[in-house]
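[1] Sequence and predicted structure, then a few things I'm wondering about:
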Amino acid sequence: MPEQANFDPCTIALHPIHDAKHAHVADRLVYRQSGVSESDDTLAATARALASAVYELGDAGLLGERTLFVDLPMVWLDRPELLPTPAPRLAIGIADMPDVDDRLLARLDDLRERGYRIILPASLIMQHLEAMLPRTDIILVKTPTELDADILERLPARNIKLLVENIEDREELERYREIGCAYYNGHYLARPNFIASPPRGRHGNRAAQIRLIRTLYEDDSDIHRLQELVVQIPHLHVAVLRRANSTYYNRGGKEIDLQRAMQVLGLIELRRLILTLTLASLQPSSRIILRMALIRAFMCRNLSAPFATLDPEDAFTTGLFSMMDALLEEDRDTLLAQLPLNPLIIRAVKDRAGPLGAVLRLCENHERQVEEANDDIPADQLHSCYMAALASARSLMTNL
C-alpha cells in the first residue's frame, strides 16, 4: 500500500531571543497544529513539535550551542521519560499552569534536579513568592513595573534572569534594560523562523514500529536488535544519526555510523527519542487500535502460560498480529505475506488454526463477552488473564 500524506502537518516557529547586547543566545519554540481541535491529543501535538525542533532537525533544531525555550503542558511534564534532552540547553515553561500545590512544586523540583531551567511568569511569582522564587530560573515579565524593587534586588544573588517578549521598538527595549532584563524577544530584534515538519506517511513502517516498541521495553533490550529495527524506519534512522552527530553528543566532530550512534546515545536516550517520534506519528485512531491489539496480545500470552508446548512470545505475537491489518490499514493477507512470521502464527491469524489459533479464539470470545456484558462477567481464570492483560497494556501505553 503506498504511503499516504501526513494528515496532521506540524509547523513550528523558532523566535530568536537576544541578550542585552543584541547577541542571539536562545530561541523560543512555538508550535501549532493544522486542523487541531480542542479534543486533539495534547501529547501527540507536543511530540510532533519536539520531534521537529529537537530530534529531527538535530543541531539545526537546537541551533548549535543556543538554548531552546519551550512551554510544555503538565501532561507532558508528568512523563519524565519524554522530557527533551540535553537538559542544560533547555528552559521549560508550563503551557497550562495548574494551581500551585505540592504536586506542582514537586514537579518543578524534579525538573531542576534534572538540569532544566524553569521559566515562570512574574504574576505567579508575585502571588506565591516564597514557594516559587527558589524554584525559578527565568521570570517572564509583561511590564517593567510588574516586579517591585525589593524583588528585583533579590534576583542576582539567586542567578534568576528576566525575560521579556514581544518587544516592538527601541524605547520599550530601553525600559526593560533599566530593570536588568537578560533575555529579549520580539519583531523589533528579529523575525521568527518558521519550519514545517518533514513530510512522511501517516503511519510509516508501523510493523517495525510495533516491534521496536516491544524491544525497547524488554528486560534485556539489545542495542543490535534495536539497530535492526531502526534501519527499517527511515525517519527514525535519520533522527538517531542526527542526534548522535550533534555537537552535544559528538565532541570529536567525526561523523559516526548508526551502530556507534546508538551506543553513544544509550538505551535511555534512544527510548526517549524513539517514543517521542513514534508518538508524534500516531493518529488518535491508531492509538485506540494499538491499545486493543496490545490487550489481546498480552491476554494470548497469559493464556498460553499453562501449556508447556506453547511459546508465550509466539502467543503474544499471534494476538498482536491478529489486529495488525487494522492498525496498519493494510490488507491482512498481503501484510502477512510480507512478514517473516512463524508459519504456525500465520495459520493461527489467518484461519484460527492450531494451538495458537485456539488461544486466539478463546481470547476473542472473551472480548465479545466483555463488550456485551455489564457487571456480570464471572471472576474466573479467563477473566483474570484479561484483567492482567489490560494492566500490562495500560502500563506499556503509558510509556508511549
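    Now that the structure is in, tell me what you want to look at.
[2] count of neighbours near the nearest residue to residue 180 once chain neighbours are set aside?
    Spatial nearest neighbour of residue 180, excluding adjacent residues (C-beta to C-beta, 6 or more residues apart in numbering): residue 162 at 6.3 Å. In this view, the C-beta of every residue, glycine as well, is placed from N, C-alpha and C. Counted by other C-beta atoms under 10 Å, the residues lying close to residue 162 total 21.
[3] tell me which element residue 162 is part of?
    Take DSSP states H and E as the rule and residue 162 turns out to sit in strand 161-164.
[4] Check the residue nearest to residue 181 when sequence neighbours are not counted and give its pLDDT.
    Of all residues not flanking residue 181 in the chain, residue 162 sits nearest, at 4.3 Å (C-beta to C-beta, 6+ apart). pLDDT, residue 162: 98.
[5] same deal with the one 4 residues further on?
    Among the per-residue scores, residue 166 shows a pLDDT of 92.
[6] give me the element residue 382 is part of.
    Going by DSSP H and E, residue 382 is in helix 381-398.
[7] no no, residue 190
    Counting by DSSP H and E, residue 190 is part of no helix or strand.
[8] what is the spatially closest residue to it that is not a sequence neighbour paired to in the beta sheet?
    Distances taken as C-beta to C-beta, 6+ apart put residue 16 closest to residue 190, at 4.0 Å, once the chain neighbours are dropped. Residue 16 has the following beta-bridge partners by DSSP bridges: residue 27.
[9] ok, residue 16 - how many residues close by?
    19.
[10] my guess is it meets residue 188, correct?
    No: Residue 16 is beyond contact range of residue 188, at 11.2 Å (criterion: C-beta atoms under 8 Å).
[11] After the least confident helix or strand in the chain by mean pLDDT, heading C-terminal, what element do we hit next?
    The helix or strand of the chain with the poorest confidence is helix 59-62; it has a mean of 47 (mean pLDDT, DSSP states H and E). On the C-terminal side of helix 59-62, the closest following helix or strand by DSSP H and E is strand 67-72.
[12] ok, back up a step: can you work out which other helices and strands pack against the strand holding residue 162?
    strand 138-141, strand 183-185 (3 or more C-beta pairs under 8 Å, 6 or more residues apart in numbering; DSSP states H and E).
[13] Relative to it, what are the paired strands and their orientations?
    In the sheet, strand 161-164 lines up against strand 138-141 (parallel), strand 183-185 (parallel) (DSSP bridges).
[14] Which parts of the helix or strand just after it count as buried, going by neighbours?
    For strand 161-164, the following helix or strand on the C-terminal side (DSSP H and E) is helix 170-178. Residues 172-173, 176 are the ones in helix 170-178 that count as buried (16 or more other C-beta atoms under 10 Å).
[15] got the CA positions of helix 170-178 in PDB?
    The C-alpha trace of helix 170-178 is given here as PDB (Å, rounded to 0.1, in the frame of the first residue of the first chain):
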ATOM      1  CA  ARG A 170      13.800  50.700  20.900                       C
ATOM      2  CA  GLU A 171      12.000  52.700  23.700                       C
ATOM      3  CA  GLU A 172      10.400  49.600  25.000                       C
ATOM      4  CA  LEU A 173      13.800  47.800  24.800                       C
ATOM      5  CA  GLU A 174      15.500  50.500  26.900                       C
ATOM      6  CA  ARG A 175      12.800  50.400  29.600                       C
ATOM      7  CA  TYR A 176      13.400  46.700  30.200                       C
ATOM      8  CA  ARG A 177      17.100  47.200  30.100                       C
ATOM      9  CA  GLU A 178      16.800  49.500  33.000                       C
END
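[16] Could you check how far that helix is from the centre of its chain?
    With C-alpha atoms, centre = their mean, to the nearest Å as the basis, helix 170-178 stands 38 Å off its chain's centre.
[17] So what touches that helix?
    Helix 170-178 has contacts (C-beta atoms under 8 Å, 6 or more residues apart in numbering) with 20, 141, 144, 162, 164, 167, 184, 188-189.
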